[in-house]
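**Student:** 3D, please:
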Amino acid sequence: MKPTPAPGDVPAPALDVDALLDDRTTEIIVCCGAGGVGKTTTSAALALRAAERGRKVVVLTIDPARRLAQAMGIEQLDNTPRPVPSVDAQAGGSLDAMMLDMKRTFDEVVESQASPEKAKQILENPFYIALSSSFAGTQEYMAMEKLGQLHRQALADGSHDLIVVDTPPSRSALDFLDAPERLSSFLDGRFIRLLLAPARGPARLMTAGFSVVTNALTKVLGAQVLRDMQTFIAAFDTLFGGFRQRADTTFALLQADGTAFLVIAAPEPDALREAAYFVDRLTDDDMPLAGLVVNRASPSARTELSAEAAITAADRLQSGDSSSLTAGLLRLHADRVRIIEREKHLRDRFAAAHPRVPTAVVPAMASDVHDLDGLRAIGESLAQQR
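**Tutor:** Okay, the predicted model is just below:
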């Protein structure tokens with residue numbers, strides 16, 4: 001762990017959101033951060049603002065709560081980009097939205113890599129069905145796969161010039177960077193290779209010991225499950241190289257100059273601690289970091305009355321009805337000032353540890369965002385940082 005410098009008086013550089021969105025060399029924006037910090041809303045607000053400033057945008061969400069569809073006035077999102085109605089297209093932009101269908105994306109990859117006969121064999125295999133629906137890391141891997149598909153399509157037909165990605169809602173929101181390697185390690189693991197090993201040559205020497213393992217697995221999993229697994233691996237083995245190559249290509253795409261990562265956080269210790277981890281991880285992996293967005297910040301109190309002064313004044317008031325009301329308001333003011341000071345201290349501490357990370361602070365909205373006007377308001381707040 002690196003020691004955290006004490007907060008200084010120098011604020012973090014401001015994040016120029018409009019410059020980022022208007023830069024035509026920026027082709028992908030990835031929003032990442034801990035769960036519950038507003039990644040989905042921020043992704044949608046950025047996508048909408050970019051579209052209304054002239055970009056042809058598609059926003060990809062992996063959020064199962066379906067808030068994005070509701071806010072954009074779309075009845076339901078699926079694995080295909082859908083036009084968002086009521087977007088101001090005067091600047092020549094457009095906005096599509098979609099939600100990752102993990103299994104459908106996996107099916108599409110299989111269908112594109114295998115012959116129709118082999119694809120049918122794989123898609124109908126019970127072990128594949130379980131793997132494509134619930135295997136740890138599959139969602140993150142397929143998010144990267146869908147990003148790669150969208151980018152290739154955009155280059156081919158010019159349908160979009162900006163892709164905004166809302167990362168999976170996992171505790172470690174950078175799991176999608178590790179997912180290809182985890183899936184590759186599973187499919188390329190020693191156990192998997194043993195299941196594929198032919199009973200001839202050197203493999204014959206392992207037959208007795210391996211029989212003990214398979215017999216034990218048969219007792220635990222059942223003979224049919226083990227046969228399904230072996231059948232799937234045998235069919236999938238010829239496709240494995242294609243999967244790894246596609247994953248490597250998408251990983252390189254994330255490291256390219258046309259990609260920008262935004263770390264999303266809330267003004268809370270845990271969220272900013274996670275944000276610091278994300279920033280360090282992105283830096284270690286040579287990912288292009290554009291900046292930090294701190295959502296739901298308490299609006300600044302435009303007053304010179306400190307919390308201590310407000311508490312002192314409240315204590316001096318008499319216990320009459322009007323005085324009690326005034327004292328209560330003073331204490332509420334003191335609480336608000338303390339919250340603002342605490343949040344500023346947390347942001348300053350982050351800025352001291354990461355002085356080169358541009359930051360945008362978005363004040364909390366008066367109500368939940370449920371339509372395009374709410375998303376526009378957030379986009380405007382993001383753009384006012386200068």
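**Student:** which stretches of the chain form strands?
**Tutor:** 28-32, 56-61, 82-83, 94-99, 162-166, 259-265, 289-297, 359-363 (DSSP state E).
**Student:** can you put those in CSV and add mean pLDDT?
**Tutor:** Listed next are those as CSV, based on pLDDT from 0 to 100:
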stretch, mean pLDDT
strand 28-32, 95
strand 56-61, 95
strand 82-83, 93
strand 94-99, 94
strand 162-166, 95
strand 259-265, 96
strand 289-297, 96
strand 359-363, 94
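**Student:** Of those, which is nearest residue 69?
**Tutor:** Nearest of the strands of the chain to residue 69, taken as C-beta to C-beta: strand 94-99 at 7.1 Å. C-betas here are computed from N, CA, C, even on glycine.
**Student:** sorry, back to before: can you add mean neighbour count and give the strands of the chain back as TSV?
**Tutor:** Converted to TSV, the strands of the chain look like this (neighbours: other C-beta atoms under 10 Å):
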stretch	mean neighbour count
strand 28-32	25
strand 56-61	26
strand 82-83	14
strand 94-99	23
strand 162-166	27
strand 259-265	25
strand 289-297	23
strand 359-363	21
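**Student:** Which among these is found nearest to residue 348?
**Tutor:** strand 359-363 (10.5 Å).
**Student:** Kindly calculate the angle that the closest one makes with strand 289-297.
**Tutor:** Put simply, strand 359-363 runs at 20 degrees to strand 289-297, going by axes from the mean of the first three to the mean of the last three C-alpha atoms, to 10 degrees.
**Student:** Alpha carbons of strand 359-363, in PDB - could you do that?
**Tutor:** Output of strand 359-363 as PDB, limited to C-alpha atoms (Å, rounded to 0.1, in the frame of the first residue of the first chain):
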ATOM      1  CA  THR A 359     -12.500  15.400 -11.500                       C
ATOM      2  CA  ALA A 360     -16.100  16.400 -12.000                       C
ATOM      3  CA  VAL A 361     -18.400  16.800  -9.000                       C
ATOM      4  CA  VAL A 362     -22.100  16.400  -9.700                       C
ATOM      5  CA  PRO A 363     -24.500  17.600  -7.000                       C
END
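**Student:** Would you format the strands of the chain as TSV with distance to residue 274 included?
**Tutor:** TSV is the format used below for the strands of the chain (distance: least, C-beta to C-beta, whole Å):
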stretch	distance to residue 274
strand 28-32	10
strand 56-61	20
strand 82-83	31
strand 94-99	24
strand 162-166	16
strand 259-265	7
strand 289-297	11
strand 359-363	15
